[in-house]
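J.: heads up, no residue letters with this:
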């Protein structure tokens, strides 16, 4: 049935699901309209209207300017939405956490999203009520006295038999950078999502039981709010071999939680970390399955089948001919170790030519706006979105592309294997609360105590 955006109608043909699968499976930068048909070229951004000016305003929904867009044109629209969102959430933050008046994106300073609520501040021991928006939760006791930090990084991955929001839902394991250090993760929500959780009591197991129905982060019709947003981030501890000016950096209290890592002692360090991966998940009025935008640092990894042309990668050593690719490190895992054998990572699904062109466009805009900006060192991997949001049979809405993996956040489940390889919407469709009721495409609510 037709799928309606805020302004522009979008009606996809019955073959949309097949086209979406084709889009996810093709790595040559072309979209095939049907089996056996010749490839048709993608829409070229140099023939399309230029991207809008860089803005601190998070877009409420996806703009579809074409009167009769095909699947690739829609993918381009969603990718542009992702870049607009990336720019807005990474805008410099003022004292109140909102975009700083008179500022522009470019300098390496604390961002808007870094002032949102971290998951550890929402889901407290014993189901306690989280402090109000704008009020921080104290760091773990072992971190006290170490100094001020922009972030508290408390996660290193999924632990045995526990679904942790920072790790993959299937094959799991920590990610080790080329300095032999564990990558750390955090997930934060914006105020619209936080307010929904608090007002409905979803921060505690007792509150979820009292709520007694599936979670729903949808906005009321014609709302002027931006809607629920989750930002999942991956950070590497910067070492002597890293060029800090190539990363967005933050001072972080890096905490090792013994409750999540069996046999590991609690520890905390104040460290400078660099952003290497970023998911932005946004539940818009037109996309009830959320829009999933995935970004990475450009130096993270090479892509299988493409030239290995960088002198240094964050998660790949081209001199190691015996390293197994995309394999979790052997147990036991201990983030307190001074050094762990690095993970050898490669991207399994290449970026499309259209996404590469859009990346180049925005990287050039960012560099022109602020020469030398760190933000020009990040790239969109892809955007996953529902081609048929109201599909009565498939609650995932026939996602396109079919698979989406960030090499820092879904390291070990890349690929194109149905029900095994990473697909944001397919995986998060299974998310439930502590009551077993569905949680509207977020595993966060399982953390309630």
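T.: Cool, got the structure. Everything quoted here is computed from the prediction, not taken from an experiment. Residues are numbered from 1 along each chain as shown.

J.: Distance of the residue most central in space within the chain relative to residue 422?
T.: Nearest to the geometric centre of the chain sits residue 279, at 0.9 Å (C-alpha atoms, centre = their mean). For residue 279, the distance to residue 422 equals 11 Å [C-beta to C-beta, to the nearest Å]. To be clear about C-beta, it is placed using only N, CA and C from the backbone, and glycine gets the same treatment.

J.: Give me the common contacts of the two.
T.: With contacts taken as C-beta atoms under 8 Å, 6 or more residues apart in numbering, residue 279 and residue 422 have residue 406 as neighbours in common.

J.: which helix of this structure spans the most residues?
T.: helix 71-89 (DSSP state H).

J.: Now do the buried residues in that one.
T.: Within helix 71-89, the residues that qualify as buried are 71-89, counting by 16 or more other C-beta atoms under 10 Å.

J.: just checking, what packs against it?
T.: Here helix 71-89 touches helix 16-25, strand 267-282, strand 291-297, helix 353-369, strand 378-386, strand 399-400, going by 3 or more C-beta pairs under 8 Å, 6 or more residues apart in numbering; DSSP states H and E.

J.: Run the chain-centre distance for the fourth one.
T.: Averaging C-alpha coordinates over helix 353-369 and over its chain gives two centres that are 19 Å apart (C-alpha atoms, centre = their mean, to the nearest Å).

J.: Buried by neighbour count: which residues of that helix qualify?
T.: Using 16+ other C-beta under 10 Å as the burial criterion, the residues of helix 353-369 that qualify are 354-355, 357-359, 361-363, 365-366, 369.

J.: could you check the angle strand 267-282 makes with the helix or strand residue 255 falls within?
T.: Using DSSP states H and E, residue 255 sits in strand 249-256. Strand 249-256 runs at 120 degrees relative to strand 267-282, counting by axes from the mean of the first three to the mean of the last three C-alpha atoms, to 10 degrees.

J.: Could you check how far residue 249 is from residue 369?
T.: According to C-beta to C-beta, residue 249 and residue 369 sit 19 Å apart.

J.: for residue 439, same thing?
T.: Distance, residue 439 to residue 369, by C-beta to C-beta: 38 Å.

J.: Also residue 132?
T.: In this structure, residue 132 and residue 369 are 35 Å apart, going by C-beta to C-beta.

J.: just residue 267 next, same as before
T.: Distance from residue 267 to residue 369, counting by C-beta to C-beta: 40 Å.

J.: can you give me the strands in the stretch 151-300 of the chain?
T.: 151-153, 184-189, 229-237, 249-256, 267-282, 291-297 (DSSP state E, counting those that start in this stretch).

J.: can you put the ones you listed in CSV and add distance to residue 348 and mean pLDDT?
T.: Output for these, formatted as CSV (distance: least, C-beta to C-beta, whole Å; pLDDT from 0 to 100):
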stretch, distance to residue 348, mean pLDDT
strand 151-153, 27, 92
strand 184-189, 21, 94
strand 229-237, 17, 97
strand 249-256, 28, 96
strand 267-282, 15, 98
strand 291-297, 13, 98
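
J.: Of all the ones you listed, which one comes closest to residue 391?
T.: Checking those against residue 391 by C-beta to C-beta gives strand 291-297 as the closest, at 16.3 Å.

J.: Would you format the strands of the stretch 151-300 of the chain as CSV with distance to residue 128 included?
T.: Shown next, in CSV, are the strands of the stretch 151-300 of the chain (distance: least, C-beta to C-beta, whole Å):
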stretch, distance to residue 128
strand 151-153, 17
strand 184-189, 17
strand 229-237, 21
strand 249-256, 19
strand 267-282, 22
strand 291-297, 31
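
J.: Low-confidence bits of the stretch 51-200 of the chain, can you list those?
T.: Residues of the stretch 51-200 of the chain that meet the criterion pLDDT under 70 lie in 157-171.

J.: Quick one: the helices in it, in order.
T.: Counting by DSSP state H, counting those that start in this stretch, the stretch 51-200 of the chain has helices at residues 71-89, 119-122, 191-199.

J.: how about the last one: buried residues?
T.: The neighbour-count check on helix 191-199 (16+ other C-beta under 10 Å) flags 191-198 as buried.
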